[in-house]
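Peer 1: Sharing a model prediction with you, sequence too.
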Amino acid sequence: METQEKPNFKHKRYILNKQVGQGAWGKVYSAEDTLVGDKNIAIKLLSPSETAKAQMVHRDMGAYQAMKNEAIKLSSLKNVVSRQFEVDENGNPFIIMPFYGKFLSDELGEKESCRRHFNNGLNLEEILHFSKDISKGLAELHCTPGIERAYGDLKPDNLAMESGKVMLNDLGSATTCVLEKRANSPRDNIGCLYTRAPECFNENAHPDSRSDVWAMGSLMYRMFTGEYLFEKELNNSENPKSFIEKLDKKEGKKLIEKKLKNVPRKFRSLVKKCTDINPNKRYSDGAELLEGLNNVEESLDSWKTFRNYAKKCALWSLPLLGTAGIIHSAMTYEPKKLTMPNNTNPVLLYKIGEEPKGNIQFEFERIVDLPEVYESSAFQGLEKLAKQNSNNNRVVAYLLKTHAQTALAGGTFSGSTPNEYQANVYFVTAPKGMGVSPENPKYNPWPAVGKSIEVALGQSKTDDGKVDLEDVCAIARLGAPKVMEAKRISKSNDWGVYRNAKYSNGKEVIPKNEVRFIDKWLSYYHSDL
């Protein structure tokens, strides 16, 4: 962006070249440091717009102090573009920064979509990497003593890139919001339109750490789908502020949930927590968001580990193509980190007083039509076997014991008890040389059932960090794809409803025998409470 206006700048060391950016607070020029011969620097000169002048009045801060604060306080941060405060021979303040020729906006480009399913789009690892870099910068701004400030204008144009690393740029003097279809929209005091948190549309609103988190959620949605969260709605609205004002919490939640179906499953909960209409339900700052991203990364790494192992077991061979999708969806979370909740049933699989290594809580429905259960001498020894085949996981041990009770109560607990799904899960996790296959599951059933429970525990977490009991039992018997199908068709997440889901031809989504088994399993769980 060139200009014919000659800048009021005079310095013996630095030579300005052409203007490369225009901000609400100033203009940015490519420049040269003649002392060290560095031609790869940028200099920002103060040239506040009317909006920036209003901000200075609101903050009771002069232009000189505003630029000085921007440079000095932020100079030590690792994920924020470094800057140095100087004064020219005319007494005018300016800031020296590295010159960056690439920004995240260049990486995203004008692609219709950035989803990994499209050619030349970003893949999940790239999105995760970029998001972690940005969150690190936000964490520094939000949590570093003496700084503790919001960014306020998170968008691709303000995110510099160097050697694959993304850094926050343009702090304190954010550029004009140049976006598709709204190139002339002013930034005003509360950031870019498409990444602006709903509460920041209010008069006299000010960005904070939670509004930055919203912006990050909308930006991640852009990286996955090619558009920002409310981009279409804002573009189609004559008055964007009016659209936001009419968007109450209930309507907003429904709209967001519908849109989040476009986000890959592993990232869905994280983006949802970023973009909750209620600021208090979001991540509180960049540090919490970074922790959430680290958890997603751990989950992705677990899938990679499984995938490599599955390849060794020839999982993707032709005879198993029909079951590959089931295993792919099921084995995407490392379940070994789950431990028995200390407030769960008092089944003495371990000695009284033995402390669990962690704590989770089950969340369950009050289902009134569960079948009755009974005790049997055949149940003797089940606790010991469950403990031996649960990899010392107290949650798995308990559920494995009640699963065995259910099978025995039906007279079915034998070498062929695991169903096809459980047999496939065990097939890819069985020790090498066991001679096990889904077509010939004649083996000790305990490890197969235990492994399916581990998988189900990992896929049944709720938004509040608890574990949905009914989903655990259903996924452990059916696999996540079948459970999700039943939920979709029944339009309910409750087992009491989706267990009765039917296709348009009247056929049950979940076979009746499996519904009976899962209901009985739940009965044995509740009988110990």
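Peer 2: Here it is on my side, so go on.
Peer 1: Quick check: can you list the domain ranges of this protein?
Peer 2: Using automatic domain parsing, the domain parsing of the chain gives 14-98, 104-295, 313-527.
Peer 1: Which one of those lies nearest to Lys6?
Peer 2: Ranking the domains of the chain by proximity to Lys6 (C-beta to C-beta) places domain 14-98 first, at 9.5 Å. Just so you know, the C-beta spots here come from the backbone N, C-alpha and C atoms, and that holds for glycine as well.
Peer 1: low-confidence ranges in the stretch 351-500 of the chain?
Peer 2: The stretch 351-500 of the chain contains residues with pLDDT under 70 at 351-360, 377-378, 391-392, 410-418, 426-445.
Peer 1: one step back: tabulate the domains of the chain (TSV), appending mean neighbour count and distance to Pro7.
Peer 2: Shown next, in TSV, are the domains of the chain (neighbours: other C-beta atoms under 10 Å; distance: least, C-beta to C-beta, whole Å):
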stretch	mean neighbour count	distance to Pro7
domain 14-98	17	6
domain 104-295	18	15
domain 313-527	18	52
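Peer 1: Tell me the spacing between Glu140 and Leu168.
Peer 2: 8 Å (C-beta to C-beta, to the nearest Å).
Peer 1: before we move on, what about Leu128?
Peer 2: 18 Å.
Peer 1: got it, and Tyr498?
Peer 2: Tyr498 is 44 Å from Leu168, where distance means C-beta to C-beta.
Peer 1: I'd guessed His526 sits against Leu370; true?
Peer 2: Yes: at 7.0 Å, His526 and Leu370 qualify as touching, with contact defined as C-beta atoms under 8 Å.
Peer 1: Could I get the full set of strands for the stretch 1-150 of the chain?
Peer 2: With strands called from DSSP state E, counting those that start in this stretch, the stretch 1-150 of the chain shows them at 14-22, 26-33, 38-46, 84-87, 93-98.
Peer 1: In PDB, list the C-alpha atoms belonging to the third one.
Peer 2: Included here for strand 38-46 are C-alpha records, laid out as PDB according to Å, rounded to 0.1, in the frame of the first residue of the first chain:
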ATOM      1  CA  ASP A  38      19.700  -4.600   7.900                       C
ATOM      2  CA  LYS A  39      17.100  -4.000   5.200                       C
ATOM      3  CA  ASN A  40      14.600  -6.300   6.700                       C
ATOM      4  CA  ILE A  41      12.900  -4.100   9.300                       C
ATOM      5  CA  ALA A  42       9.700  -2.200   9.600                       C
ATOM      6  CA  ILE A  43       9.000   1.100  11.200                       C
ATOM      7  CA  LYS A  44       5.600   2.300  12.500                       C
ATOM      8  CA  LEU A  45       5.000   6.000  12.600                       C
ATOM      9  CA  LEU A  46       2.200   7.500  14.800                       C
END
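Peer 1: could we number from 718 for the rest of this?
Peer 2: Got it, first residue is 718 now, which makes that one strand 755-763.
Peer 1: now what about that strand, what contacts it?
Peer 2: Under the criterion C-beta atoms under 8 Å, 6 or more residues apart in numbering, residues 724-726, 731, 733, 737-738, 740, 742-750, 780, 784, 809-817, 890 lie in contact with strand 755-763.
Peer 1: ok so, going back, so what sits against both of Glu857 and Leu885?
Peer 2: Contacts common to Glu857 and Leu885, judged by C-beta under 8 Å, 6+ apart, are Asn796, Val797.
Peer 1: how about the helices of the stretch 1118-1246 of the chain, start to end?
Peer 2: Shown for the stretch 1118-1246 of the chain, the helices assigned by DSSP state H, counting those that start in this stretch span residues 1137-1146, 1162-1175, 1186-1195, 1197-1207, 1212-1215, 1229-1244.
Peer 1: Just send the ones you listed back as a markdown table, with distance to Pro873 too.
Peer 2: Shown next, in a markdown table, are these (distance: least, C-beta to C-beta, whole Å):
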| stretch | distance to Pro873 |
| --- | --- |
| helix 1137-1146 | 40 |
| helix 1162-1175 | 33 |
| helix 1186-1195 | 37 |
| helix 1197-1207 | 33 |
| helix 1212-1215 | 40 |
| helix 1229-1244 | 47 |
